[in-house]
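Asks: Predicted model and sequence below, questions to follow.
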Amino acid sequence: MTEGGVISLLIVDDDPCVREREQAFLEETGRFSCTTAVSAEDALIILPGRFDAVVSDFEMPGLTGIAFLRALRLRGISLPFVLYTGKSRDSVLEEALLAGASFYVRKGGGTRAELVELAHAVRAAVTLRASSF
């Protein structure tokens, strides 16, 4: 986190509309600085970087969000990870949490309430990580 408390966030989603909506909303709050990647494979090239957390979609071409999370953990990258997905299956939630996701946020229509929930999950994950050190 920067001196001003701004969270450096990596957003990974193959849908440009979702990526842009997330980035615009989060940056407008003044609490986030966002970098985006169109795939988990692209994100793995960027990481590790100077990021405080990662938000990732689940269903993407190539690696899924959970496979991406596992790849991060295998590389020793322990950043807070929020899975942001339209998949509502309990098995996805359980698999995400077992793989080490910090939070799971259900993606719907990109409403303001949903994006507020996403922002809260990221801030909470970063705060929890900071307090554990």
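Replies: Received it, and whenever you're ready, just let me know what you need. Numbers count the residues shown, from 1 in each chain.

Asks: contacts for the longest helix seen in the chain?
Replies: Scanning the chain for the longest helix, with DSSP state H as the assignment, gives helix 112-131. The contact list for helix 112-131 (Cβ atoms under 8 Å, 6 or more residues apart in numbering) reads 1, 7, 9, 21-22, 25-26, 29, 31-32, 52-53, 55, 78-82, 84, 102-103, 105-108. Backbone N, C-alpha and C define where each C-beta goes, glycine included.

Asks: which of the residues you listed are buried?
Replies: Burial by neighbour count, 16 or more other Cβ atoms under 10 Å: within the contacts of helix 112-131 this picks out 7, 9, 21-22, 25-26, 31-32, 52-53, 55, 79-82, 84, 102-103, 105, 107.

Asks: hang on, the earlier thing: can you give me the mean pLDDT across the longest helix of the chain?
Replies: Averaging pLDDT along helix 112-131 yields 92.

Asks: cool, and stretch 56-63?
Replies: Per-region confidence: stretch 56-63 scores 94 on mean pLDDT.

Asks: and the helix or strand bottoming out on mean pLDDT in the chain, which residues are buried?
Replies: Every helix and strand in the chain was compared by mean pLDDT, DSSP states H and E; the lowest is helix 90-99, with a mean of 84. By 16+ other Cβ under 10 Å, the buried positions in helix 90-99 come out as 92-93, 95-96, 99.
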